[in-house]
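S.K.: Predicted model and sequence follow; I will ask about them next.
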There are 2 protein chains.
Amino acid sequence: MGAAFVLAVHGGAGTILRSQMTAEAEAAYRAGIRNALQAGYAVLSRGGSALDATVAAVTVLEDDPLFNAGRGSVYTTDRTQEMDAAVMDGETMNAGAVAGIFGPKNPVLAARAVMEKSEHVFLCGAGATEFCRQQKLAFESADYFFTQRRMDALEAELNARVSGGDSGDPARKHGTVGAVACDARGHLAAATSTGGMTAKMPGRVGDSPVIGAGTYADDCGGAVSTTGHGEYFIRYAVAHEISARLRLTQQPLAEICDEMVMKVLKEVDGSGGLIAVDAKRNVALSFNSEGMYRGVVRENGQSWAAIYQEALREVG
Amino acid sequence: MGAAFVLAVHGGAGTILRSQMTAEAEAAYRAGIRNALQAGYAVLSRGGSALDATVAAVTVLEDDPLFNAGRGSVYTTDRTQEMDAAVMDGETMNAGAVAGIFGPKNPVLAARAVMEKSEHVFLCGAGATEFCRQQKLAFESADYFFTQRRMDALEAELNARVSGGDSGDPARKHGTVGAVACDARGHLAAATSTGGMTAKMPGRVGDSPVIGAGTYADDCGGAVSTTGHGEYFIRYAVAHEISARLRLTQQPLAEICDEMVMKVLKEVDGSGGLIAVDAKRNVALSFNSEGMYRGVVRENGQSWAAIYQEALREVG
């Protein structure tokens, strides 16, 4: 066992109720979280960087159709899928983000390419997709990204709107995946990816790709990835706020994160959650919704996960 | 004369040298700044809100082809124009932003429509433009937005790239307009608008529409609008950082802004500047480039402007 490190992941927060979950579905979600943790662990345990680890973990979550990112992304009102992602490296303060892309298999790799291969930080829409083609990133077809479950959720939401209601879809405003890590050298990174909100307007950008809102990493502060009703996370610049408080105040990580989620956001009805780490390898997993798919792995290799308002349990 | 209020505007920062400026051009820029200040003053002096005043000032700067926003926006490598804008209301913490739009006459009004007429904060690309049509915002043709000067700058930049150089275009990375205000009731607002960087990749989003990077307002902190090499302003979440420091530390506004611009950004070669106000009606106009088009007006109605590293002068 080498130096200490830690990686945390989330797979979205929202109205996740034990009463509405089958044992099979629950096991599948826990396995999805475990797989992402193990992908990140594989990087960190061989001395890899927090950046590589968070990207590896998010890639696994994007490939899993259970989560609203990459494969399995939700649909817009136009029945299209538009994906957003961001990465930030706390050592260099480099960042990359994409918004409104469709085609690249792993939006988080698109965000990383923007960071490493362009002079820009943030690309959106057709220009972003074209950049991914130039970078020869792997693309997939609409068939690959399609899931009946998400299309059903769109139809339910659109039908509910006709009658002035709400479909109650838990992924409606909260589906996002993300990872944060502190590697063995003490460097931080964060990565976030999402299909956005079910029945969002085409062109809507949530907080995930907004550096400072849904994603932020600064070795002198913290690394944060959020999930929830993105508009509120943008307005309160939640990810940067947490990092700034770590840098500027004496408040401990857990207290800062709980205050943001349970007080600042809850007061304005901004539902959701976040994961965060600091350079002392403290971890916070905070949410004000019924549940948040989440997990943590440290240098001993044990993966811990939870879904509801419950303690973390070892999942392998 | 009623209660105290203050409004500041900027029209971009960069390599603005007295030696390269004709008397006519200088007078035109000062008049442009003065016109924007007077539009904001007209709102504030009749008891209007900081939000209305900043939007009015930015609208005037967008309509003036001298500045890189709205009419007179720079061109992408594809010879297209893509405009970004954002507004934020410090009283409600509501915000709206658009990126990569072409057609709406005043992108700042598009950002405001997103804030007030959609359930979202941030729209980009074709979806954002379509939303503007639905909202019946005024549109203009490519002829309206065309300026020979910006097209020449693009050609110069593209030619310079062929020979591996740089055109030295002062607007290349720094053209942006913005306004911040504290109204008579003590409420803050910020608005920013830009055509982006000359010869940017299509789809590139700068800091202007990124809430927390180029634009932020919080009555408990400050209102900030930035201009400069946007990628750095995103990575350091400059606008939110300034507001957060005002809220979390005892540092005065001017010191915070100078530190961000002259130390944090300058150390990483992030050139540009910013304007900021707080609820005590302090104003900061900070930049690390040769110049920044800038001005301030207070409740006495006198407009003050400056371009180079020089003191503000009354301009009417």
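M.R.: Arrived safely.
S.K.: With adjacent residues omitted, what lies nearest to the closest residue to chain B within the stretch 51-200 of chain A?
M.R.: Nearest to chain B in the stretch 51-200 of chain A, going by Cβ to the nearest Cβ, is A:Gly127, at a distance of 1.9 Å. Bear in mind the C-beta positions are built from the backbone N, C-alpha and C, glycine included. Sequence neighbours aside, B:Gly203 is the residue nearest to A:Gly127 in space, at 1.9 Å (criterion: Cβ to Cβ, 6 or more residues apart in numbering or on different chains).
S.K.: So the one you found sits against A:Phe131, correct?
M.R.: Yes: B:Gly203 is within contact range of A:Phe131, at 6.9 Å (criterion: Cβ atoms under 8 Å).
S.K.: Between these two, point out the one with more neighbours.
M.R.: B:Gly203 (28 against 24; other Cβ atoms under 10 Å in any protein chain shown).
S.K.: Dihedrals phi and psi, the more buried one?
M.R.: Dihedral pair for B:Gly203: phi 90, psi -10, per degrees, to the nearest 10.
S.K.: need the next SSE after the one helix or strand in chain A whose mean pLDDT sits lowest, C-terminal direction.
M.R.: Counting by mean pLDDT, DSSP states H and E, the weakest-scoring helix or strand in chain A turns out to be helix A:148-162, with a mean of 90. Sequence-wise, the next helix or strand downstream of helix A:148-162 (DSSP states H and E) is strand A:177-182.
S.K.: ok, the next helix-or-strand element following that following strand: who's next to it in the sheet?
M.R.: Per DSSP H and E, the first helix or strand lying C-terminal to strand A:177-182 is strand A:188-194. Using DSSP bridges, the strands paired with strand A:188-194 in its sheet are strand A:83-89 (antiparallel), strand A:177-182 (antiparallel).
S.K.: Please identify which of the ones you listed is closest to B:Thr227.
M.R.: strand A:83-89 (22.8 Å; Cβ to Cβ).
S.K.: how distant is the closest one from the center of its chain?
M.R.: Centroid displacement of strand A:83-89 relative to its chain, using Cα atoms, centre = their mean, to the nearest Å, is 9 Å.
S.K.: With only the CA atoms kept, save that strand in CSV.
M.R.: The C-alpha coordinates for strand A:83-89 follow below in CSV (Å, rounded to 0.1, in the frame of the first residue of the first chain):
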residue,chain,number,x,y,z
MET,A,83,-24.4,16.2,-23.6
ASP,A,84,-22.3,18.4,-21.5
ALA,A,85,-19.1,17.6,-19.6
ALA,A,86,-16.1,19.3,-17.9
VAL,A,87,-12.8,18.5,-16.4
MET,A,88,-10.5,20.5,-14.2
ASP,A,89,-7.0,19.9,-13.0
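S.K.: got any residues that touch both of B:Gly203 and A:Phe131?
M.R.: Among the neighbours of B:Gly203, those also in contact with A:Phe131 (Cβ atoms under 8 Å, 6 or more residues apart in numbering or on different chains) are A:Leu123.
S.K.: For A:Leu312, see how far away the residue lying closest to A:Tyr29 once chain neighbours are set aside is.
M.R.: Distance criterion Cβ to Cβ, 6+ apart; nearest residue to A:Tyr29, sequence neighbours excluded, is A:Tyr293 at 5.6 Å. For A:Tyr293, the distance to A:Leu312 (Cβ to Cβ, to the nearest Å) stands at 12 Å.
S.K.: quick one, which of those two is more surrounded?
M.R.: Each of A:Tyr293 and A:Leu312 has its neighbours counted (other Cβ under 10 Å); A:Tyr293 has more, 29 against 13.
S.K.: any idea whether the more buried one is helix, strand or coil?
M.R.: Three-state assignment for A:Tyr293 (DSSP: H, G, I helix; E, B strand; the rest coil): strand.
S.K.: still on that earlier bit, show me whatever sits in contact with both of A:Tyr293 and A:Leu312.
M.R.: A:Ala305.
S.K.: So, low pLDDT: which residues of the stretch 51-200 of chain A?
M.R.: A:166-174 (pLDDT under 70).
S.K.: what sits against A:Gly272?
M.R.: So A:Gly272 contacts A:13-14, A:173-174, A:226-230, A:232-233, A:261, A:265, A:287-289 (Cβ under 8 Å, 6+ apart).
S.K.: Keep the residues you listed, but drop any that are not near chain B.
M.R.: A:Gly230 (Cβ under 8 Å from any Cβ of the partner chain).
S.K.: Among the contacts of A:Gly272, which ones are in strands?
M.R.: Assigned to strands by DSSP state E, the following of the contacts of A:Gly272 qualify: A:Ala13, A:Gly14, A:Thr226, A:Thr227, A:Gly228, A:Phe287.
S.K.: Next, the residues that contact whichever helix in chain A runs longest from outside, please.
M.R.: The residue-count maximum for a helix in chain A (DSSP state H) belongs to helix A:23-45. Residues outside helix A:23-45 that contact it (Cβ under 8 Å, 6+ apart): A:2, A:5, A:7, A:9, A:11, A:18, A:49-50, A:52-54, A:56-61, A:64, A:66-67, A:177, A:179, A:181, A:183-184, A:293-297, A:299, A:301, A:303, A:305, A:307, A:315-316.
S.K.: Thought A:Ala86 was touching A:Gly96, still the case?
M.R.: Yes: between A:Gly96 and A:Ala86 there is a contact at 6.8 Å, judged by Cβ under 8 Å.
S.K.: just the strands in the stretch 201-316 of chain A please.
M.R.: A:215-217, A:222-228, A:272-278, A:283-287, A:291-298, A:303-306, A:313-314 (DSSP state E, counting those that start in this stretch).
S.K.: For those strands, give me a markdown table that also has mean pLDDT.
M.R.: As requested, the strands of the stretch 201-316 of chain A are exported to a markdown table (pLDDT from 0 to 100):
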| stretch | mean pLDDT |
| --- | --- |
| strand A:215-217 | 98 |
| strand A:222-228 | 97 |
| strand A:272-278 | 97 |
| strand A:283-287 | 98 |
| strand A:291-298 | 97 |
| strand A:303-306 | 97 |
| strand A:313-314 | 96 |
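S.K.: which bits of the stretch 1-150 of chain A sit near chain B?
M.R.: Residues of the stretch 1-150 of chain A found near chain B (Cβ under 8 Å from any Cβ) are A:88, A:93-95, A:99-100, A:118-128, A:130-131.
S.K.: Could I get the pLDDT score of the residue in the stretch 151-300 of chain A that chain B sits nearest to?
M.R.: When distances are taken as Cβ to the nearest Cβ, the stretch 151-300 of chain A reaches nearest to chain B at A:Gly203, 1.8 Å away. At A:Gly203, the predicted lDDT confidence score is 92.
S.K.: sorry, back to before: which one of the strands paired with strand A:188-194 is the most hemmed in?
M.R.: Of these, the one with the most neighbours on average (mean count of other Cβ atoms under 10 Å in any protein chain shown) is strand A:177-182, at a mean of 35.
S.K.: Compute the inter-axis angle for that one and strand A:272-278.
M.R.: 20 degrees (axes from the mean of the first three to the mean of the last three Cα atoms, to 10 degrees).
S.K.: ok so, going back, name the stretch among the strands of the stretch 201-316 of chain A that sits most buried.
M.R.: Neighbour counts (mean count of other Cβ under 10 Å) averaged over each of the strands of the stretch 201-316 of chain A peak at strand A:215-217, with a mean of 35.
S.K.: wouldn't A:Gly230 be in contact with A:Gly206 here?
M.R.: Yes: between A:Gly230 and A:Gly206 there is a contact under Cβ under 8 Å: 3.2 Å.
S.K.: residues shared between the contacts of these two?
M.R.: A:Thr176, A:Gly196, A:Met197, A:Gly214.
S.K.: which of those residues sit farthest apart?
M.R.: Greatest spacing in the shared contacts of A:Gly230 and A:Gly206, by Cβ to Cβ: A:Met197 and A:Gly214 (12.8 Å).
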